[in-house]
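[1] I would like the atomic coordinates for the input below:
(one chain, ligands or ions: 1)
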Amino acid sequence: MSHRHLTAEALVAGYERGRPVLDGASLTVPAGRRLAVLGANGSGKTTLLRCLSGALRPAAGTVALDGVPLEHSRRGLRAHRQEVQLVLQDPDDQLFSASVAQDVSFGPLNLGLPEDDVRARVAEALALLAVDSLAARPTHQLSFGERKRVAIAGAVAMRPCVLLLDEPTAGLDPSAVAETLAALARLQEHDSTVVMSTHDVDLALRWADEVAVVVDRAVVQGEPQDVLGDDGLLVRARLERPWTLTVGARLRDLGLLTGPSLPRDAAGLLAALPEHPGVLS
Ligand SMILES: Nc1ncnc2c1ncn2[C@@H]1O[C@H](COP(=O)(O)OP(=O)(O)OP(=O)(O)O)[C@@H](O)[C@H]1O
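    Next up is the predicted model:
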């Protein structure tokens, strides 16, 4: 699968006249990489993802794929949705069919693909999300975490270049979070570009190649360590500094960490510490 470049330029978008949720928001989705979209409740993460997917038409500004602006005609949207798929935060907004396999085949069937192709895509998507054992189950019997992964499988079966996931880990227990992240890693091996919105700064730091913070109706994008280490920005965005950066900065002040950048997770911190028995006591 080839990489496509999805961008948003100077978006103005919202739901009520005169009260834009986004006002001048620009974003470049890094092709083939992982982008975390962060922001406080109500900051506009979902609104941004809906604009990128074509589900919401901005009042001004442009969403473009490989530089070609998205047209909100039936044809334009249909073409866009084959390349860019949005998975909603609540799986129950997305799952309608009687069984998991039927639900995941819905999109490919809608594309008018031959039955064998549909079957192959469904099998691939179920395997990538590790939900193949659930294929025959009624969707309403599944756990919340299972339903979230089945909803992602439905989008993956469309074989999009860019997958937009609205809070895919919200409400999941730690093992379900780990399973979801493992599935996303498998998707990346298939060359997908994955965008995830989340409130979880620690998850964003350890998972993402780049982060985009929705703040003051616009977007600040950059390297995770830089953006999530910017205390002024974090205050404005009503986000907390990731604990790894706080602990890492303190250890660096104490001369215990010397690398050019701070570790991004607990394992990285432990690996970076020198072997001085008793040094932390
Ligand atoms: N359909 C709608 N009609 C009117 N206002 C809406 C609608 N959807 C969202 N909003 C408002 O737009 C603002 C941004 O909402 P959005 O869902 O984009 O934020 P978010 O960052 O995804 O929030 P959360 O983290 O709580 O999911 C909020 O003030 C919300 O109340």
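[2] any weak-confidence spans in this protein?
    The chain contains residues with pLDDT under 70 at 1-2, 276-281.
[3] for the residue with the shortest distance to the centre of it, helix, strand, or coil?
    The centroid of the chain falls nearest to residue 196 when counting by CA atoms, centre = their mean (1.2 Å). Of the three states, residue 196 takes strand according to DSSP: H, G, I helix; E, B strand; the rest coil.
[4] which residues does it bridge with?
    For residue 196, the beta-bridge partners are residue 36, residue 165 (DSSP bridges).
[5] that one: what's it in contact with?
    Applying CB atoms under 8 Å, 6 or more residues apart in numbering, we find residue 196 in contact with 34-37, 165, 167-169, 184, 207-208. (Each C-beta comes from the backbone N, C-alpha and C, glycine too.)
[6] buried ones among those residues?
    Using 16 or more other CB atoms under 10 Å as the burial test, the contacts of residue 196 include 34-37, 165, 167-169, 184, 207-208 as buried.
[7] now, which of those residues sits nearest the ligand?
    residue 167 (6.5 Å; CB to the nearest ligand atom).
[8] quick check: residue 101 touching residue 132?
    No: counting by CB atoms under 8 Å, residue 132 is not a contact partner of residue 101; they are 9.4 Å apart.
[9] on the three-state scheme, residue 63 is what?
    Applying three-state DSSP: residue 63 is strand.
[10] that one contacts residue 50, doesn't it?
    No: using CB under 8 Å, residue 63 is not in contact with residue 50; the gap is 10.3 Å.
[11] ok, these two, which is more surrounded?
    Ranked by neighbour count (other CB atoms under 10 Å), residue 63 and residue 50 place residue 63 first, with 24 against 19.
[12] and that one, how far is that from the ligand?
    Distance, residue 63 to the ligand, by CB to the nearest ligand atom, to the nearest Å: 15 Å.
[13] leaving aside the residues next to it on the chain, what's closest to that residue?
    The shortest distance from residue 63 to any non-neighbouring residue, by CB to CB, 6 or more residues apart in numbering, is to residue 70 (4.4 Å).
[14] just residue 269 next, same as before
    residue 263 (4.5 Å).
[15] distance of the one you found relative to residue 132?
    Look at residue 263 and residue 132: by CB to CB, to the nearest Å, they are 35 Å apart.
[16] pull the number of nearby residues for residue 104.
    By other CB under 10 Å, 32 other residues sit near residue 104.
[17] revised request: answer the last question for residue 132.
    Quick note: residue 132 (other CB under 10 Å) scores 16 neighbours.
[18] now the residue lying closest to it once chain neighbours are set aside, what's its secondary structure?
    Counting by CB to CB, 6+ apart, residue 132 lies nearest to residue 126, which is 4.2 Å off, once chain neighbours are set aside. Classification of residue 126 using three-state DSSP returns helix.
[19] residue contacts, residue 126?
    Counting by CB under 8 Å, 6+ apart, residue 126 touches 100-101, 104, 132, 134-135, 153.
[20] can you list the buried residues in stretch 154-172?
    Neighbour-count burial for stretch 154-172 [16+ other CB under 10 Å]: 154-169, 172.
[21] in the helix or strand that residue 179 is a member of, what's buried?
    According to DSSP states H and E, residue 179 maps onto helix 174-189. For helix 174-189, the neighbour count (16+ other CB under 10 Å) marks 176-177, 179-181, 183-184, 187-188 as buried.
[22] ok, back up a step: so what's the residue nearest to residue 269 up against?
    Here residue 263 is in contact with 244, 248, 257, 269, 271-272 (CB under 8 Å, 6+ apart).
[23] what ranges does the stretch 51-200 of the chain have for its helices?
    For the stretch 51-200 of the chain, the helices defined by DSSP state H, counting those that start in this stretch cover 74-83, 100-110, 115-128, 144-156, 174-189.
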